[in-house]
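Participant: test case, fold it:
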Amino acid sequence: MLENNDKYFEVLNDIKKTLMTTRNRIVENVNKDLVLMYYNIGLKLIENNKWGSSFIDMLAKDLKREFPTLKGMSARNLRYMQKFATEFDNDEFLQHDVAKLPWSSLTTIMDRVKDKEQRKWYIIESIENGWARPVIIHQIASKLYERQALLENKTTNFDNTLPSPNNEQVKELLKDPYIFDFITADKDSKELDIERELTANITKLLLELGNGFAFVGKQYHLEIEKEDYYIDLLFYNLKVRSYVVIELKTTEFKPEYAGKLNFYLSAVDKYIKDENDNPTFGILLCKDKKKVTAELALKDINKPIGVSEYKILSEIPEFLENTLPSIKDIEKRLEERE
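Facilitator: Numbers count the residues shown, from 1 in each chain. Down below sits the predicted model:
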């Protein structure tokens, strides 16, 4: 029996020492110390997993008895620590990136993302964007990695129109498709109706656009040679220091759309862009991007343009809609668990 096993009490005492040592330093660097402590405890659990699952159950009870006010030492959380130590190497990424994430966010990513490369991507994006746990759940459910990280799926001319490394940085910002699940308009809605809903939900729109986007205006007015022109949506991206023109179309892609957007980009570069800004780039959002047609249309365009599809709530595929709770739904479920 484990109650009379000296090795077991040695493990128990080791973990108790780890807890007490870490608790003295936890004020200075709470989250990093906590995550790395969990990792070290996980390593000890792996070393002694020959005792089976009852070992962790007994350990949780004894730790609770020794540290009655300390949270996080449940059997369930100890198993998360074991999983954490099993699936992550003790390297620079763990020390400098993973340890920055709150434990609840980290366990959420471990639970929902199995591929190591995708998991690493979500961790970095969560840190850079400051995503809370409900947002992480939402982004994973919306298949953000597939929509943003897979550069080969994107339709752009950035490699031919932007210098390196700016071309890669801008390409990484682009998503395909964009998921506007907060829009209640139906598939027959006009462009202005969708634009109105997008800007009425600007916080959610900025979340979907991603890191660094700042809203400048909708139907942004330009007067050129006494003619009036209106840009659908104008943004500035602080990350790449560029203005971003977004044109929204409720139809499939047509080659003439690229020509019009090219004109808007030239106008922004001439009349709005500062000398310290990088070149303005455009995002053309269509119901169907018609990839081959779009690639041909962009081939000889001299301004940087990306073409993506977008989906509103009524058009989200059934398999995705069923896995895509709203952030309010997620927060409500979390409150019910507490």
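
Participant: helix or strand next in line after the biggest helix by length in the chain, which one?
Facilitator: If you go by DSSP state H, the chain has its longest helix at helix 6-25. Following helix 6-25 in sequence order, the next helix or strand is helix 30-47 (DSSP states H and E).

Participant: how about the next helix or strand after that next one: buried residues?
Facilitator: Next helix or strand after helix 30-47 toward the C-terminus (DSSP H and E): helix 53-66. Neighbour-count burial for helix 53-66, with 16 or more other CB atoms under 10 Å as criterion, is recorded at 55-56, 58-60, 62-63. Heads up, the C-betas are built off the backbone N, CA and C, glycines and all.

Participant: please apply the same query to stretch 133-152.
Facilitator: 133-142, 144-145, 147-148.

Participant: try stretch 289-300
Facilitator: Neighbour counts over stretch 289-300 (16+ other CB under 10 Å) mark 289-290, 293-294, 297-298 as buried.

Participant: shaky segments in the stretch 101-250 of the chain?
Facilitator: Scanning the stretch 101-250 of the chain for pLDDT under 70 picks out 186-188.

Participant: can you map out the helices along it?
Facilitator: Using DSSP state H, counting those that start in this stretch, the helices of the stretch 101-250 of the chain run over residues 103-112, 116-129, 133-141, 144, 158-161, 166-173, 191-200, 202-209.

Participant: break the protein down into its structural domains.
Facilitator: What automatic domain parsing lists as the domains of the chain is 2-147, 150-321.

Participant: related to what we said a few turns ago, how about the buried residues of stretch 289-300 in JSON lines, adding secondary structure and pLDDT?
Facilitator: Listed next are these as JSON lines, based on DSSP: H, G, I helix; E, B strand; the rest coil; pLDDT from 0 to 100:
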{"residue": "289", "secondary structure": "coil", "pLDDT": "91"}
{"residue": "290", "secondary structure": "coil", "pLDDT": "91"}
{"residue": "293", "secondary structure": "helix", "pLDDT": "96"}
{"residue": "294", "secondary structure": "helix", "pLDDT": "96"}
{"residue": "297", "secondary structure": "helix", "pLDDT": "96"}
{"residue": "298", "secondary structure": "helix", "pLDDT": "96"}
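
Participant: need those in CSV with distance to residue 16, can you?
Facilitator: Supplementary listing: the buried residues of stretch 289-300 in CSV, determined by distance: CB to CB, whole Å:
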residue, distance to residue 16
289, 59
290, 64
293, 66
294, 62
297, 67
298, 63
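
Participant: now the two most distant members of the residues you listed.
Facilitator: 290 and 298 (11.7 Å; CB to CB).

Participant: shared neighbours of the two, which are they?
Facilitator: Residues touching both residue 290 and residue 298 (CB atoms under 8 Å, 6 or more residues apart in numbering): there are none.

Participant: just curious, which of the buried residues of helix 53-66 is nearest to residue 89?
Facilitator: For the buried residues of helix 53-66, the nearest to residue 89 is residue 56 (22.3 Å; CB to CB).

Participant: how close does that closest one sit to residue 195?
Facilitator: Separation of residue 56 from residue 195 (CB to CB, to the nearest Å): 54 Å.

Participant: element containing residue 270?
Facilitator: Short version, using DSSP H and E: residue 270 is in helix 255-271.

Participant: kindly export whatever helix or strand comes next after that helix (C-alpha atoms) in PDB.
Facilitator: Next helix or strand after helix 255-271 toward the C-terminus (DSSP H and E): strand 278-286. The C-alpha atoms that make up strand 278-286 are tabulated as PDB, following Å, rounded to 0.1, in the frame of the first residue of the first chain:
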ATOM      1  CA  ASN A 278       4.600  51.500 -45.100                       C
ATOM      2  CA  PRO A 279       2.600  51.000 -48.300                       C
ATOM      3  CA  THR A 280      -1.200  50.800 -48.000                       C
ATOM      4  CA  PHE A 281      -2.600  47.400 -48.700                       C
ATOM      5  CA  GLY A 282      -6.100  46.300 -49.500                       C
ATOM      6  CA  ILE A 283      -8.400  43.400 -48.500                       C
ATOM      7  CA  LEU A 284     -11.200  42.500 -50.900                       C
ATOM      8  CA  LEU A 285     -13.900  40.600 -49.200                       C
ATOM      9  CA  CYS A 286     -16.300  38.600 -51.500                       C
END
